[in-house]
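# Build me a model:
(chains A and B, ligands or ions: 2)
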Amino acid sequence: MAEYSALSLLKNAFTGNKDWKPAWRKPDPKASYDVIVIGGGGHGLSTAYYLAKEHGITNVAVLEKGWLGSGNVGRNTTAVRSNYLLPSNTRFYEHSMKMWENLSHDLNYNVMFSQRGCLNLAHTPAQFDDYARRGNAMRHLGVDAELMTVAEIKRLVPALDVSGSARFPILGGLMQPRAGSARHDAVAWGYARGADRRGVDIIENCEVTGFLRNGDRITGVSTTRGEIRAKKVALAVAGSTGRVMQLAGIDKMPIESHVLQAFVTESLKPIIDTILTFGMGHFYISQSDKGGLVYGGDLDGYNSYAQRGSLPIVDEVMSEMLALFPGLARVRMLRSWGGVCDMTMDGSPIITTGPLPGMYLNCGWCYGGFKATPASGWCFAWTIAKDEPHDFNAPFTLDRFYRGLVIDDKGQGATPRLH
Amino acid sequence: MLITCPYCGPRDVIEFTYQGDGNRQRPQPSSQDLDAWNAYVYDRLNPAGDHNEIWQHSGGCRAHLRVVRNTLTHEISSSGFARGDHKAARHRLETKS
Ligand SMILES: Cc1cc2nc3c(=O)[nH]c(=O)nc-3n(C[C@H](O)[C@H](O)[C@H](O)COP(=O)(O)OP(=O)(O)OC[C@H]3O[C@@H](n4cnc5c(N)ncnc54)[C@H](O)[C@@H]3O)c2cc1C
Ligand SMILES: [Zn+2]
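Numbering: from 1, shown residues only, chains lettered A, B, ... in the order given. Ligands and ions are numbered 1, 2, ... in the order given. Next comes the predicted model:
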């Protein structure tokens, strides 16, 4: 019987809910492991889960400096989509999408994946053409995409200002119907429990402060809870990649750390039944199951390791929201926060062996890594277990920047704050 | 956040455009050193702490500035023209770390 089921709910209800096991143990670190995963975010936890599940590697520790979910896995706006232009991105994110579609079942943990679609609004004929091109590229690779007319958009989101007199009139949009959102904490907890039950040690409040080495080779880590050795050390620290690589003596990377903010309003009745993006600025919005509007916009725009944002972006994001939904002017914002994003020079991630012997690197998720969580862990586990990438992550190397093989979906060039 | 422009004085950050890591060295235009070009275009110092960076006062006098800013606290410890001799900013950065 699955650990969580209607029957187990009923059984535990009769015994006063006293017999539930904690979702994961709190073990002390052992002296050594086959694999150490640094970072207990979504990607680190899913990596450990798939190492155990797909490759039978269970002598694994996940080291997390804070508590599970304290990083971006618990800070994102939960948009899951695979609407990319370039084939290497599309294939990878579509693999992830397929994993999302079965994730609650696979983890026996309800991640509340809700496929309510993601609609990119077009405001100029050129932008509409561009969306048609992207939609065609997606369909070419078997991903769902539909162009929508203004009338269809009005029917889907009646609150939207679709009048010709809007500041930026809406001309149409590109919809990916299978896109959606999920409950981000549940993703972290579900993977943590799945990994734990397969023997992985999840060690919280354990910050990696240095690397143990034998010559060039990484042979373990020093932490706030002592030295731990491992045959393989895998980094999945997202926004902290620059800092942790510096501990390994690598000062320069094709990465800048930037802060991204997110916002939530008070609960409203259902008003936005999809994920909506504004085409004339950088703004996206969806509505949580609790009713709060969840939205965000641009990065603050300069290097930051502070997990908080600044006011000019708050101002801008609110203005963009009102350009789309003048009717929301008096809704109150409840909370806002920031997370540090590992922005690469081409906007695409890195999942690779190296760059030092004994080291494996997973980073560069920019502000789009939540949707990648299943595929990222799956591909990273493959790469760690087999010492070579899977086809899905083979393009996401670290040296692509120096070999003319960048994957720049937006065509933006090496200016991370604009990706 | 306020950035002090040598011409215009302390001004709000929204008047400025960020141009990132100020330690990058652009090779001579005639250089054929591929590694040096790659490093210039793609590699960044990304410290948690003092960061030597370039900003342009694009919403003001348009001067390019070299600023030393802490990426954890956003405290700015020096700013001046990016052109010419940036000894002051460099010195500040070296003595701080
Ligand atoms: C505001 C915001 C909105 C976003 N919205 C979306 C979205 O809608 N859709 C989407 O797909 N993506 C989104 N993202 C991006 C997504 O959240 C990230 O790309 C993704 O969560 C990164 O992977 P992770 O979950 O493993 O990171 P994290 O959860 O940040 O995990 C990294 C972990 O490493 C730990 N760590 C760091 N240094 C050390 C050390 N020295 N020792 C031990 N542990 C360490 C950290 O504490 C952290 O827990 C958003 C991000 C932000 C900030
Ligand atoms: Zn000025």
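# remind me which residues of the chain are low pLDDT?
No chain was given, so I picked chain A. Low-confidence segments of chain A, defined by pLDDT under 70: A:1.
# ah, I was thinking of chain B
For chain B, the stretches flagged by pLDDT under 70 are B:84-97.
# Name the residue of it that lies nearest to ligand 1.
Distance from ligand 1 to each residue of chain B (C-beta to the nearest ligand atom) is smallest for residue B:48, at 10.3 Å. Glycine gets a C-beta too; all of them are placed from N, C-alpha and C.
# Chain neighbours aside, what residue packs nearest to that residue?
Distances taken as C-beta to C-beta, 6 or more residues apart in numbering or on different chains put residue A:305 closest to residue B:48, at 4.3 Å, once the chain neighbours are dropped.
# residue contacts, the residue in the stretch 1-150 of chain A positioned nearest to ligand 1?
For the stretch 1-150 of chain A and ligand 1, the shortest gap (C-beta to the nearest ligand atom) falls at residue A:41, measuring 1.9 Å. The contact partners of residue A:41, taken as C-beta atoms under 8 Å, 6 or more residues apart in numbering or on different chains, are A:64, A:69, A:71, A:72, A:73, A:188, A:236, A:237, A:238.
# Nearest to chain B among these?
residue A:237 (12.1 Å; C-beta to the nearest C-beta).
# And for residue A:173, the neighbour number?
Around residue A:173 there are 27 other residues, counting by other C-beta atoms under 10 Å in any protein chain shown.
# Make sure it is indeed in a strand.
Yes. According to DSSP: H, G, I helix; E, B strand; the rest coil, residue A:173 belongs to a strand.
# distance of it from chain B?
For residue A:173, the distance to chain B equals 30 Å [C-beta to the nearest C-beta, to the nearest Å].
# May I have the secondary structure class of the residue nearest to residue B:48?
coil.
# how near is it to residue A:251?
Distance of residue A:305 to residue A:251, given as C-beta to C-beta, to the nearest Å: 15 Å.
# Of the contacts of residue A:41, which belong to helices?
residue A:188 (DSSP state H).
# Spell out which parts of the stretch 101-250 of chain A neighbour ligand 1.
Contact residues (C-beta under 6 Å from any ligand atom) of the stretch 101-250 of chain A with ligand 1: A:207, A:208, A:236, A:237, A:238, A:239, A:240, A:244.
# one more time with 5 Å
For the stretch 101-250 of chain A, the contact set with ligand 1 under C-beta under 5 Å from any ligand atom comprises A:207, A:208, A:237, A:238, A:240.
# Quick check: ChimeraX command selecting the buried ones in those.
A single ChimeraX command selects the buried members of these (16 or more other C-beta atoms under 10 Å in any protein chain shown):
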select /A:207,208,237,238,240
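# Show me the two of the residues of the stretch 101-250 of chain A next to ligand 1 that sit farthest apart.
A:207 and A:238 (14.7 Å; C-beta to C-beta).
# Quick one: neighbours of residue A:311, just the number.
Burial of residue A:311 is recorded as 12 neighbouring residues (other C-beta under 10 Å).
# repeat for residue A:35
By other C-beta under 10 Å, neighbour count at residue A:35 equals 25.
# Residue B:41 now?
Other residues lying near residue B:41 total 16 when counted by other C-beta under 10 Å.
# what residues are up against it?
Each residue near residue B:41 by C-beta under 8 Å, 6+ apart is listed here: A:345, A:401, A:414.
# need the contact list for the closest residue to chain A within chain B.
Relative to chain A, the nearest point of chain B is residue B:46 (3.6 Å; C-beta to the nearest C-beta). By C-beta under 8 Å, 6+ apart, residue B:46 lies in contact with A:242, A:252, A:253, A:255, A:256, A:257, A:303, B:21.
# Can you give me the distance of the closest residue to it other than its chain neighbours to residue A:191?
Of all residues not flanking residue B:46 in the chain, residue A:242 sits nearest, at 3.6 Å (C-beta to C-beta, 6+ apart). Distance, residue A:242 to residue A:191, by C-beta to C-beta: 25 Å.
# Those two - which one has more neighbours?
Between residue A:242 and residue A:191, counted using other C-beta under 10 Å, residue A:191 has the larger neighbour count: 34 against 26.
# these two touch, right, that one and residue A:51?
No. Counting by C-beta atoms under 8 Å, residue A:191 does not reach residue A:51; the two are 11.5 Å apart.
# Tell me the residues of the stretch 251-400 of chain A that contact ligand 1?
Residues of the stretch 251-400 of chain A lying close to ligand 1 (C-beta under 5 Å from any ligand atom) are A:260, A:262, A:339, A:365, A:367, A:368, A:369, A:370, A:371.
# Among those, name the buried ones.
By neighbour count, with 16+ other C-beta under 10 Å, these hold A:260, A:262, A:339, A:365, A:367, A:368, A:369, A:370, A:371 as buried.
# Kindly present those residues as TSV, with separate columns for secondary structure.
Putting those into TSV (three-state DSSP) gives the following:
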residue	secondary structure
A:260	strand
A:262	strand
A:339	strand
A:365	coil
A:367	coil
A:368	coil
A:369	coil
A:370	coil
A:371	coil
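# Between the residues you listed, which sits nearest residue A:213?
The closest of those, once distances to residue A:213 are taken by C-beta to C-beta, is residue A:365, at 26.5 Å.
# which residues sit in contact with that closest one?
By C-beta under 8 Å, 6+ apart, the contact list for residue A:365 reads A:43, A:72, A:238, A:341, A:342, A:349, A:372, A:376.
# nearest to residue B:39, of the contacts of residue B:46?
Looking across the contacts of residue B:46 and measuring by C-beta to C-beta, the closest to residue B:39 is residue A:252, at 7.3 Å.
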